[in-house]
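[1] build me a structure from this.
(chains A and B)
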Amino acid sequence: MAFSPPLTSPPSPESSPTPQQKNLIPWQSMRGLKQIHSLVLRSPSLQTPLILSKLLSFSALNPHGDVSYAQLLLAHIETPTTSMYNVVIRGLSLSRKIPASSSMLAYQALLRCSLCPNNFTFPSLIKALAECGSLWEGRLVHAHVVKLGFESDCYVRNNLIRLYTVCGEMGIAHELFDRFPERDLVSWTTLILGYSKTGRAEEAVSLFLEATDEDLKPDAIIMATVISACSKVGDLKLCRKLHNYIDAHNVESDVVTGNALVDMYAKCGDIESAYSIFKEMNEKDVVSWNSMISGLAQNGEFKEALKLFRRMQCEGIEPDGMTLVAVLNSCANLGSLEMGNWVRVYMDKVCIRANGIIGNALVDMYAKCGRIEQAMELFNKMTKKDVYTYTTMILGLAMHGQAKEALDLFSELSKARIRPNSITFIGVLSACSHAGLVNIGLAHFHDISRVYGINPKIEHYGCVVDMLGRAGLLNEAQEFIDRMPIEPDAFIWGTLLGACKIHGNVKLGESAAKNLLKLQPNEDGAYVLMSNMYASDNQKGDERTMRKLMKVKKVKKTPGCSLIEVDGMVHEFRIRDKSHPRRREIYMVVKEIDGHLRSEGYRPAMEILEQELCWHS
DNA sequence: ATAGGGTTAG
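    Presented below is the predicted three-dimensional model:
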């Protein structure tokens, strides 16, 4: 029922050991290489193509090397060869910091020397271009590839396929894939990944099924790719089919495929299967833990997520930014501010900046835990804000009834040249709803499609019904529902019913309840609200009828639940809850508070079914 | 040449 707090103070980060530069043989460090280079420069007899090539490849390809040094070296070689250029181009493609344009410049230099690129030139060059999404240069190089007859080279072609997929040119990529019968596992994997990353996960999975018809033996890499695509499809049956396939075909699996499976089951809502795979993985890394923790959080199992995070710490696995996002998300939904603050302290200690997704998660945590000023402070400090950052803050302000601030932020969006999305409008509408700004809210609602070209979804209609209902415009709310282009769902009727309850409109409430019961006859909501409404309206007979009806239909009221966090522990309380070890003391204090409240003249609005509620809330 | 995990919701 409760989980223990994290370590009371975040562990200090271990100082990472510096690379043991001293133990390197001379030519494996740049220092040694430069010494040899100066020797070579002084004696022309040493300037043979072989020695120069060695110097080049050590500085360009060695992990302790320096590609820019290799570039300089190459520029001073009088009679360079294609393979010397290939080495530098490969070195450039391997280093992350260097832009694609330098690979392109090296390639152009090669052409200027009247050298001819070969099958080793293109893979690295195209890889560098793909890395940066340089479609224009990529097409140019592709033309050269065709001219020189290297399109049939599988390595070259796979890199071209990769280039087109990362540039979103799936049509060209697939055409290139189809045009040559000679394809290997990498060709399939690359194309499948392309479909998966461009939001066409179904096509990715069916492409894999196509691949299994050919005589290819799937490896761990293609499996991880297709499993990830499957998690995006969200079809549990398909997930199981894939899992069975792996077992049946004895596909060698590793941590990555295991992690992908955990994520896949979690995303498809089968948290038990996810957990059993997680448990049985004999090798786990930080991604395994992250997949499982965020899987729990994505399925609303926030307490379990925090529990698992605790275990992760006990096992000495260092969390990374992604872990913390899942933890913060759980804190936000549990109102667990102490734990959230702990994460912030931890972030400071290990120097994780509150920017990007993790910054957004922190803002959300503060807002949902009631610290709207701290959320705002952090929001203002964040240098890179995206639509998520703004949406989170707008929703937070709306939640706190600060409609003006929320609307101001919304108007800042266009100044920051950020396009709002459909969830941003949920925030805007709920801000208006909570502040009773009906006309402004309606104006924004109309702008959703007219100005922003977004099709309002049922959620947006729900916000408007809520806004009209809260303002007491119940008939308008009903009319709005009647005119909706979408079939009203249970949420819509529940919102109207709730508004009728607040404003005591029994007649309209009855019709809303009828509609709600048509959609979910076995849920307690409509019965409870109606019987409470009858009770407040002194319609004792109707109230009893409602409660009888619940009994006949075997509908039980789901117990409400309150939770608080004390010293990093989350405690839950339900009606007539006697499970807490310190229940006697707790209820004594509650009784005392209740006495104080009553002596000050407070009378809780108790309705028959809710009488005992005040004891846990 | 190819692989896994994250943020906002009526």
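
[2] pLDDT weak spots in the stretch 1-150 of chain A?
    A:1-28 (pLDDT under 70).

[3] quick check, A:G138 in contact with A:K127.
    No: using C-beta atoms under 8 Å, A:G138 makes no contact with A:K127, being 10.5 Å away. (Each C-beta comes from the backbone N, C-alpha and C, glycine too.)

[4] quick one, which of the two is more surrounded?
    A:G138 (26 against 20; other C-beta atoms under 10 Å).

[5] how close does the more buried one sit to DNA strand B?
    Per C-beta to the nearest atom of the strand, to the nearest Å, A:G138 is found 14 Å from DNA strand B.

[6] A:T424 too?
    6 Å.

[7] how deep is that residue tucked in, by neighbour count?
    24.

[8] test my guess that it contacts A:Y390.
    Yes: in this structure A:T424 lies within contact range of A:Y390 using C-beta under 8 Å: 6.7 Å.

[9] overlap of the contact sets of the two?
    A:F410, A:L413 (C-beta atoms under 8 Å, 6 or more residues apart in numbering).

[10] residue of the stretch 401-550 of chain A nearest DNA strand B, please.
    A:G462 (2.4 Å; C-beta to the nearest atom of the strand).

[11] wait, a helix at that residue?
    Yes: A:G462 forms part of a helix when assessed by DSSP: H, G, I helix; E, B strand; the rest coil.

[12] mind listing the helices for the stretch 1-150 of chain A?
    Taking DSSP state H, counting those that start in this stretch as the criterion, the stretch 1-150 of chain A carries its helices at A:30-42, A:49-61, A:67-75, A:82-94, A:100-112, A:121-131, A:135-147.

[13] go through those and pick out the most buried.
    helix A:121-131 (a mean of 25; mean count of other C-beta atoms under 10 Å).

[14] packing partners for the longest helix along chain A?
    Assignment by DSSP state H gives helix A:583-599 as the longest helix of chain A. Secondary-structure packing of helix A:583-599 (3 or more C-beta pairs under 8 Å, 6 or more residues apart in numbering; DSSP states H and E): helix A:613-616.

[15] how does it look with 10 Å?
    Where contact means 3 or more C-beta pairs under 10 Å, 6 or more residues apart in numbering; DSSP states H and E, helix A:583-599 is packed against strand A:569-574, helix A:613-616.

[16] in contact with the residue of chain A most remote from its centre, which residues?
    No residue in chain A sits farther from the centre than A:S45, which is 59.6 Å out by C-alpha atoms, centre = their mean. Applying C-beta atoms under 10 Å, 6 or more residues apart in numbering, we find A:S45 in contact with A:I51.

[17] where's the closest residue to A:K368 other than its chain neighbours, which helix or strand?
    The shortest distance from A:K368 to any non-neighbouring residue, by C-beta to C-beta, 6 or more residues apart in numbering, is to A:A332 (4.0 Å). Taking DSSP states H and E as the criterion, A:A332 maps to helix A:321-334.

[18] for that helix, give the mean pLDDT please.
    Averaging pLDDT along helix A:321-334 gives 96.

[19] so which elements touch that helix?
    Against helix A:321-334 (3+ C-beta pairs under 10 Å, 6+ apart) you get helix A:286-298, helix A:302-314, helix A:337-349, helix A:356-368, strand A:561-566, strand A:569-574.

[20] minimum distance to A:E543: which of those has it?
    strand A:569-574 (23.7 Å; C-beta to C-beta).

[21] and the most centrally placed residue in chain A, what is it in contact with?
    Residue closest to the average C-alpha location in chain A (C-alpha atoms, centre = their mean): A:I357, at 8.1 Å. Residues in contact with A:I357 (C-beta under 10 Å, 6+ apart) are A:G321, A:M322, A:L324, A:V325, A:L328, A:D386, A:Y388, A:T389.

[22] now do 8 Å
    With C-beta under 8 Å, 6+ apart, A:I357 has these contacts: A:G321, A:V325, A:Y388.

[23] ok, and the most crowded of those?
    Busiest of the contacts of A:I357 [other C-beta under 10 Å] is A:V325, holding 24 neighbours.

[24] surely it touches A:G359?
    No: in this structure, A:V325 is not within contact of A:G359 by C-beta under 8 Å, at 9.9 Å.

[25] related to what we said a few turns ago, in the longest helix of chain A, what's buried?
    For helix A:583-599, the neighbour count (16 or more other C-beta atoms under 10 Å) marks A:I586 as buried.

[26] before we move on, the earlier item: nearest to A:C369, out of the helices of the stretch 1-150 of chain A?
    helix A:121-131 (40.0 Å).

[27] show me what that closest one is in contact with.
    A:82, A:85-86, A:89-90, A:92-94, A:100, A:103-104, A:107, A:110, A:117, A:137-138, A:141-142, A:145, A:150, A:153, A:155-156, A:158-160, A:162-163, A:166-167.

[28] now stretch A:384-391
    Taking C-beta under 8 Å, 6+ apart as the rule, stretch A:384-391 contacts A:355-357, A:359-360, A:363, A:379, A:382, A:409-410, A:412-413, A:416, A:418-421, A:423-424, A:427.

[29] and for stretch A:422-431?
    A:387, A:390-391, A:394-395, A:397-399, A:402-403, A:406-407, A:410, A:413, A:420, A:437, A:441, A:444-445, A:448, A:452, A:454, A:456-457, A:459-460, A:463-464, A:466-467.

[30] pull out the buried members of those.
    Buried, going by 16+ other C-beta under 10 Å: A:387, A:390-391, A:394-395, A:397-399, A:402-403, A:406-407, A:410, A:413, A:420, A:437, A:441, A:444-445, A:448, A:452, A:454, A:456, A:460, A:463-464, A:466-467, out of the contacts of stretch A:422-431.

[31] which ones among the contacts of stretch A:384-391 map onto helices?
    A:356-357, A:359-360, A:363, A:379, A:409-410, A:412-413, A:423-424, A:427.

[32] returning to that earlier point: how far does the longest helix of chain A sit from its chain's centre?
    Offset of helix A:583-599 from its chain centre (C-alpha atoms, centre = their mean, to the nearest Å): 43 Å.
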